[in-house]
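Novice: from the sequence below, what's the structure:
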Amino acid sequence: MTALFLGWKGILDFRDLLTQGLRWTVGNGRSINFWTFNWVFPFPLSNLLNDSQKASINWNDSVADFMTNKCWNKQKLLQVLDHSIVNQILGIPIPVCDQEDELIWGPSCNGNFSIKTATWLQVQVALHYLQSYKNHNSGLGGVSTQNPLAIIKWHPPPPNFCKLNFDGSVNHMNSAATGFIIRDDNGQFVVDSAKRVGSSSVPTA
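Specialist: Numbering: from 1, shown residues only. You can find the predicted model right below:
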């Protein structure tokens, strides 16, 4: 049963990784949800909104709703987004012909999935959460950031034992994540997992 559970967890974790790596390229914009799909950044635009903004937007907006005559409708974009984000969108070309939107693998130069780029993405996500953890704990007295090597140093368990390390972090928008890794006494990887846990506080995460 444990092996089955870990196998299912691995599938769910891989699904989350795919969700983060998949990205839309803009064609006619009709197939791309403006707020919930990854098309400007490697995350949805809704992640940049506060709670009051989220309550006022139309979640059914498509990217095509912000185009006029195959050009970006800048005024409409500025009604819902900051100038810096709008400038990012204005830099995305819109095809002259009526072209379908396309879903690609964002971390790859050619848009095709590979284990190498998936591993790179997983490392980037881990570094992001580590940096968020350090930012939230610096100056609080609980964690010293003067010697980062002391933070990441790993000590092996006794012979024939495995060691579980786990951690959690919260970013500036109170979005929390947690993860763990198990290694044997030789430091060899056994299993790991990480997931978002929604809105939370640093102690809870």
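Novice: would you map the strands across this protein?
Specialist: Using DSSP state E, the strands found in the chain span residues 22-25, 67-68, 71-72, 102-105, 162-170, 175-184, 189-199.
Novice: what lies in contact with stretch 59-79?
Specialist: Residues outside stretch 59-79 that contact it (CB atoms under 8 Å, 6 or more residues apart in numbering) are 26, 28-36, 39, 86, 89-90, 92, 94-96, 101. No exception for glycine: its C-beta is placed from N, CA and C like everyone else's.
Novice: ok so, going back, now the strands of the chain in CSV, please, with extra columns for mean pLDDT.
Specialist: Putting the strands of the chain into CSV (pLDDT from 0 to 100) gives the following:
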stretch, mean pLDDT
strand 22-25, 84
strand 67-68, 94
strand 71-72, 94
strand 102-105, 82
strand 162-170, 78
strand 175-184, 78
strand 189-199, 75
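Novice: of all those, which lies closest to Ser52?
Specialist: strand 189-199 (14.7 Å; CB to CB).
Novice: strand partners of that closest one, parallel vs antiparallel please.
Specialist: Strand 189-199 has the following sheet partners, assigned by DSSP bridges: strand 175-184 (antiparallel).
Novice: and the strand it pairs with, which residues are buried?
Specialist: Going by neighbour count (16 or more other CB atoms under 10 Å), the buried part of strand 175-184 is 175-179, 181-183.
Novice: please apply the same query to stretch 31-50.
Specialist: Within stretch 31-50, the residues that count as buried by 16+ other CB under 10 Å are 31-35, 37-40, 44-45, 48-49.
Novice: what residues does Pro44 make contact with?
Specialist: Shown in contact with Pro44 (CB under 8 Å, 6+ apart): 35-38.
Novice: how about a cut-off of 10 Å?
Specialist: With contact set as CB atoms under 10 Å, 6 or more residues apart in numbering, Pro44 has these partners: 19, 33-38.
Novice: thinking again about what came up before, what about the contacts of stretch 59-79, which are in helices?
Specialist: 86, 89-90 (DSSP state H).
Novice: pick the one among those residues closest to Val190.
Specialist: Ile89 (43.5 Å).
Novice: is it correct that that closest one is in contact with Leu81?
Specialist: Yes. Here Ile89 reaches Leu81: they are 7.6 Å apart, a contact under CB atoms under 10 Å.
Novice: identify the contacts common to the two.
Specialist: Joint contacts of Ile89 and Leu81 (CB under 10 Å, 6+ apart) are 34, 40, 45, 66.
Novice: circling back: in a markdown table: the strands of the chain, plus distance to Gln53.
Specialist: Below are the strands of the chain laid out as a markdown table (distance: least, CB to CB, whole Å):
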| stretch | distance to Gln53 |
| --- | --- |
| strand 22-25 | 22 |
| strand 67-68 | 22 |
| strand 71-72 | 20 |
| strand 102-105 | 26 |
| strand 162-170 | 20 |
| strand 175-184 | 15 |
| strand 189-199 | 15 |
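Novice: of all those, which one is nearest Ala55?
Specialist: Relative to Ala55, the nearest member of the strands of the chain by CB to CB is strand 189-199, separated by 14.9 Å.
Novice: angle of that closest one against strand 162-170?
Specialist: Between strand 189-199 and strand 162-170, the angle comes out at 20 degrees (axes from the mean of the first three to the mean of the last three CA atoms, to 10 degrees).
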